[in-house]
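> A structural model of the following input is requested.
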Amino acid sequence: MNTSKNTSKINPAKAIGTGSVLFLTLFFAAALNAQTLLDPASMECIDCHSIVSMAVPTEVCHAGGCDHPIGVDYALLSSQNPALVKPASLNQGVRLVGNKISCVTCHVPYSIDDHEALSRKRSLMPAIPDPMLSIDNTASALCSACHAK
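Numbering: from 1, shown residues only. Next up is the predicted model:
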């Protein structure tokens, strides 16, 4: 008498392919990782803005490219990289969230009331500083607030 249970359930790996299962597993794990490690302001931004990678550090695409991470511990990073300004010496306009680089480290926080108006003001650049940045980036001031070259 055969007492083994019938285990003929559908194997998801066979049904959609092992590569697909691996991709979906990694995608959802990375998405959960990003959601738990990114601050709420950054999560609000990436709801609309393109993401290059869901791994942390996450890279968010800007009009000029996709070159800056968010979700990384700035204090740790600056302790390992002498080309970065130490957290205690950062310009007050540069905001770290939980000691991590966030979208609001360089950009004004999202507000439903003024986001579109600020975006429209960008058409006045370079006559005015970029209204979406936390500090004026004339002569790369925003960049050099963290990056001591």
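> wait, doesn't residue 103 sit right on residue 48?
No - using Cβ atoms under 8 Å, residue 103 makes no contact with residue 48, being 11.0 Å away. No exception for glycine: its C-beta is placed from N, CA and C like everyone else's.
> ok, these two, which is more surrounded?
Comparing residue 103 with residue 48 by other Cβ atoms under 10 Å, the one with more neighbours is residue 103, at 26 against 8.
> all helices for the protein, in order.
Applying DSSP state H to the chain gives helices spanning 12-16, 18-37, 40-46, 74-80, 103-106, 115-121, 141-144.
> where among those helices is the average confidence lowest?
Mean pLDDT per stretch puts helix 12-16 lowest among the helices of the chain, at a mean of 42.
> next, count neighbours for residue 135.
Around residue 135 there are 16 residues (other Cβ under 10 Å).
> not counting sequence-adjacent ones, nearest residue to it?
Leaving aside its sequence neighbours, residue 135 sits nearest to residue 93 (Cβ to Cβ, 6 or more residues apart in numbering; 3.6 Å).
> ok, the one you found touching residue 137?
No - at 10.6 Å, residue 93 does not count as touching residue 137 under the criterion of Cβ under 8 Å.
> and residue 118, how far is that from residue 45?
13 Å (Cβ to Cβ, to the nearest Å).
> cool, and residue 83?
For residue 83, the distance to residue 45 equals 26 Å [Cβ to Cβ].
> higher neighbour count, the two?
Shown here are residue 83 and residue 45; by other Cβ under 10 Å, residue 45 has more neighbours (20 against 9).
> now that one, nearest residue through space, not along the chain?
In space, and not counting its chain neighbours, residue 45 is closest to residue 103: 4.2 Å by Cβ to Cβ, 6+ apart.
> contacts only, for the one you found.
Residue 103 makes contact with 41-42, 45-46, 60, 70 under the criterion Cβ atoms under 8 Å, 6 or more residues apart in numbering.
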